[in-house]
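1. A structural model of the following input is requested.
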Amino acid sequence: MINTYVLPESHWKVTFLDKADADISYHESVCRLLDLLTVNISNAFCITDIPIGKITNVPSFKNPLKVAGENAIILDASPGCYWGQYAFQYAHELCHYLIDSQWPPMRDEWFEEVICECSSRYWLNWLSKRNFYPGFSDKFKDYAFQRTLHINSFNLKDLQDEESQILTCFRINHESRPHFNFLANKIMPIINDDPEIWSEMLLLRTISDNFTFMENLGNLVSQSLNHKESFERIVDLFL
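-> Model (predicted):
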């Protein structure tokens with residue numbers, strides 16, 4: 001069954017492609033959640049004039065994504081799932097949408113994946129304090145916590161070496177989730193200490209193949225106007 005809605009505040013178009021008869025009230029609740037996130041994440045990025053896009057939830061799609069070259073996001077949330085899955089996927093993909101990096105991606109755009117993982121966790125924790133839906137605050141918080149557990153650790157200093165195996169792996173595979181989760185664990189305290197840093201995450205679009213990974217990070221520091229110290233703390237993780 002196909003059901004389409006227009007979000008009242010952000011005016012994004014949301015379509016649910018459910019295989020079974022849809023629970024309309026549930027869809028309406030999901031739309032309220034997506035609208036809340038769209039407005040607040042956009043405000044955090046200090047973007048008020050983003051192109052209105054469309055969101056499509058396709059169960060079993062198995063690959064939530066921001067569609068390259070389109071104002072579109074595809075989610076893969078299970079029908080009837082609790083809100084954490086929608087919030088997690090959408091906060092991640094909307095982060096990509098707002099950063100709007102060039103396509104095809106630069107070799108170090110894998111770092112954007114890490115920041116978008118941080119976005120998912122940050123906004124899940126934010127929702128846990130909003131009392132969006134009675135009884136679900138703890139579920140938002142728990143969903144974010146579970147992400148901290150699914151990790152593969154590695155030596156962050158290895159990323160200084162342009163020829164290192166781990167950096168080569170990240171550049172080939174931008175979906176190395178357990179490694180990215182580990183790195184997100186290190187970055188999240190910096191973001192939590194300075195949540196307004198989201199307003200400068202658009203600097204990630206300046207990542208370029210003309211620079212090494214460490215040079216790309218250094219460029220974030222040099223271009224930052226208000227959050228140099230926080231970007232420096234991120235750089236220091238690799239030193």
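2. Contact partners for residue 69?
-> residue 103 (Cβ atoms under 8 Å, 6 or more residues apart in numbering). Any C-beta I mention is one placed from the backbone N, CA and C, and that applies to glycine too.
3. What are the phi and psi values at it?
-> phi 80, psi 10 (degrees, to the nearest 10).
4. How much space separates it from residue 100?
-> 11 Å (Cβ to Cβ, to the nearest Å).
5. what do you get for residue 232?
-> From residue 232 to residue 100 the distance is 25 Å (Cβ to Cβ).
6. where exactly do the strands run in the chain?
-> 2-6, 13-17, 54-57, 65-66, 72-75 (DSSP state E).
7. elements contacting the first one?
-> Using 3 or more Cβ pairs under 8 Å, 6 or more residues apart in numbering; DSSP states H and E as the contact criterion, the secondary-structure elements in contact with strand 2-6 are strand 13-17, helix 24-44.
8. swap in the fourth one?
-> Contacting strand 65-66 under the criterion 3+ Cβ pairs under 8 Å, 6+ apart are the following elements: strand 72-75, helix 83-99.
9. Can you tell me which of the ones you listed is nearest to residue 197?
-> helix 83-99 (12.6 Å; Cβ to Cβ).
10. and the closest one with helix 24-44, angle?
-> Note on geometry: by axes from the mean of the first three to the mean of the last three Cα atoms, to 10 degrees, helix 83-99 and helix 24-44 are set 40 degrees apart in direction.
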